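**Student:** Predicted model and sequence follow; I will ask about them next.
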Amino acid sequence: MTQSETVARPIEIKIAKSRHRIDWLFWLGVSIVAMACSLAVFGPAIAPYDPTLAVHPPAVPPPPLAEVPGLWWGRITGVIDTPPYWFGTDANGFDVFSRVISAPRIDLTIALTANALSLILGVFVGLVAGYYRNFLTEGVMRVSDVLQSFPVFVSAMILVALAGRSTGNIVIALALLYTPIYIRLTRSEVLTQRVRGYVEAARAMGNREIVIALRHVLPNSLAPALIQASVTIGFAILLTAGLSFVGAGVRPPTPEWGLMISTGANQIILGEWWPSVFPGIAISITVFGFAVLGNALERRYD
């Protein structure tokens with residue numbers, strides 16, 4: 001065995017082990033995202049109470065079930081036959097647990113729809129701006145720079161205030177604000193791909209420039225944008241919740257995490273922490289799942 005083979009063998013063993021190693025971070029992100037998507041589809045159906053109707057007198061909202069152990073004995077003996085308030089109720093009498101598991105339907109719908117629109121528009125504009133270098137594409141990039149120079153949250157508030165407080169307007173506002181991210185990512189990758197040898201080979205075979213851009217350059221330039229999409233969905237969920245918290249998001253009594261936190265924030269000083277804490281935990285776990293998934297995808301395919 002030669003010296004080069006002796007050195008190469010441990011490297012090959014290390015690469016083989018890394019390929020067969022389980023990426024726990026990736027599967028954790030997949031599990032959290034799958035759970036959030038499942039609740040978005042089935043959450044309102046499996047909720048023990050209607051998330052838009054008051055189920056308890058708002059004067060004295062009961063705490064989570066963990067703080068009322070007598071309820072367990074009451075259900076065993078048959079004295080209490082209604083479903084428990086697992087996370088308590090809020091100041092309006094809504095069941096917090098039902099609203100927490102129903103909120104992903106509106107939050108994920110807004111985040112996924114806005115992200116899909118911004119991804120499609122940003123990738124297309126980034127492809128054109130990177131492949132065709134002229135004063136028009138440079139002007140598009142300067143407009144993109146201007147859009148990115150403003151704070152995202154403030155810009156979203158202004159757009160929603162001007163367009164109207166509705167789910168469709170929130171989606172459009174988020175899509176416009178996140179499009180410049182995909183434009184820059186796609187353009188930078190297209191600038192790298194357009195000088196590769198396969199582009200020259202495709203051009204030598206007589207392919208038109210638009211065919212080369214769409215069939216050859218675009219598929220090889222999608223990876224950064226697709227990896228960023230997972231992280232951007234998490235940002236969109238946070239931004240949706242933030243808009244609802246300040247009163248510029250979805251309208252009550254729609255079950256939405258940011259709106260729930262805003263409703264329960266004034267009650268924390270009275271010791272009623274559960275209306276805000278549980279939706280806050282749900283937001284944190286969901287955004288963490290999308291961020292972890294994006295990080296794992298970047299490490300795997302970069």
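**Tutor:** Looks like it arrived, so ask away. Residues are numbered from 1 along each chain as shown.
**Student:** Okay, and the residue most central in space within the chain sits in which element?
**Tutor:** Nearest to the mean C-alpha position of the chain, by Cα atoms, centre = their mean, lies Ile233 at 2.2 Å. Taking DSSP states H and E as the criterion, Ile233 maps to helix 223-245.
**Student:** Alpha carbons of that helix, as CSV, please.
**Tutor:** Extracted C-alpha coordinates of helix 223-245, given in CSV (Å, rounded to 0.1, in the frame of the first residue of the first chain):
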residue,chain,number,x,y,z
ALA,A,223,-30.4,26.1,-4.0
PRO,A,224,-29.7,29.3,-2.0
ALA,A,225,-33.2,30.5,-2.5
LEU,A,226,-34.8,27.2,-1.5
ILE,A,227,-32.6,27.0,1.6
GLN,A,228,-33.5,30.6,2.6
ALA,A,229,-37.2,29.8,2.2
SER,A,230,-37.4,27.8,5.4
VAL,A,231,-35.9,30.6,7.4
THR,A,232,-38.0,33.2,5.7
ILE,A,233,-41.2,31.3,6.7
GLY,A,234,-40.2,31.5,10.3
PHE,A,235,-39.6,35.3,9.9
ALA,A,236,-43.0,35.6,8.3
ILE,A,237,-44.7,33.9,11.2
LEU,A,238,-42.9,36.3,13.6
LEU,A,239,-43.9,39.3,11.5
THR,A,240,-47.5,38.2,11.3
ALA,A,241,-47.6,37.8,15.0
GLY,A,242,-46.0,41.1,15.5
LEU,A,243,-48.5,42.9,13.3
SER,A,244,-51.4,41.3,15.2
PHE,A,245,-49.8,42.2,18.5
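**Student:** about what we covered before: roughly how far does the residue nearest to the centre of the chain sit from Leu28?
**Tutor:** Using Cβ to Cβ, to the nearest Å, we find Ile233 at a distance of 16 Å from Leu28. Where you see a C-beta, it was placed from the backbone N, CA and C, and this is true even at glycine.
**Student:** which residue packs closest to Ala213, ignoring adjacent ones?
**Tutor:** Nearest residue to Ala213, sequence neighbours excluded (Cβ to Cβ, 6 or more residues apart in numbering): Tyr131, at 4.7 Å.
**Student:** For the one you found, give me phi and psi.
**Tutor:** Dihedral pair for Tyr131: phi -90, psi -40, per degrees, to the nearest 10.
**Student:** tally of neighbours for it?
**Tutor:** As a burial measure, Tyr131 scores 22 neighbours (other Cβ atoms under 10 Å).
**Student:** which residues does it contact?
**Tutor:** Contacts for Tyr131 (Cβ atoms under 8 Å, 6 or more residues apart in numbering) come out as Val190, Arg194, Glu209, Ala213, Val217.
**Student:** Apply the buried test to those residues and list what passes.
**Tutor:** In these, burial by neighbour count holds for Val190, Arg194, Ala213, Val217, counting by 16 or more other Cβ atoms under 10 Å.
**Student:** what about the closest residue to Met141 other than its chain neighbours, distance to Ala175?
**Tutor:** Leaving out its chain neighbours, the residue that sits closest to Met141 by Cβ to Cβ, 6+ apart is Ala129, at 5.8 Å. Ala129 sits 18 Å away from Ala175, going by Cβ to Cβ.
**Student:** for Gly139, same thing?
**Tutor:** Taking Cβ to Cβ, one finds Gly139 at 21 Å from Ala175.
**Student:** neighbour count winner among those two?
**Tutor:** Ala175 (21 against 11).
**Student:** surely the more buried one meets Gly122?
**Tutor:** No. With contact defined as Cβ atoms under 8 Å, Ala175 does not reach Gly122; the gap is 9.2 Å.
**Student:** any idea how far the residue nearest to Ala213 lies from Leu121?
**Tutor:** Distance, Tyr131 to Leu121, by Cβ to Cβ: 16 Å.
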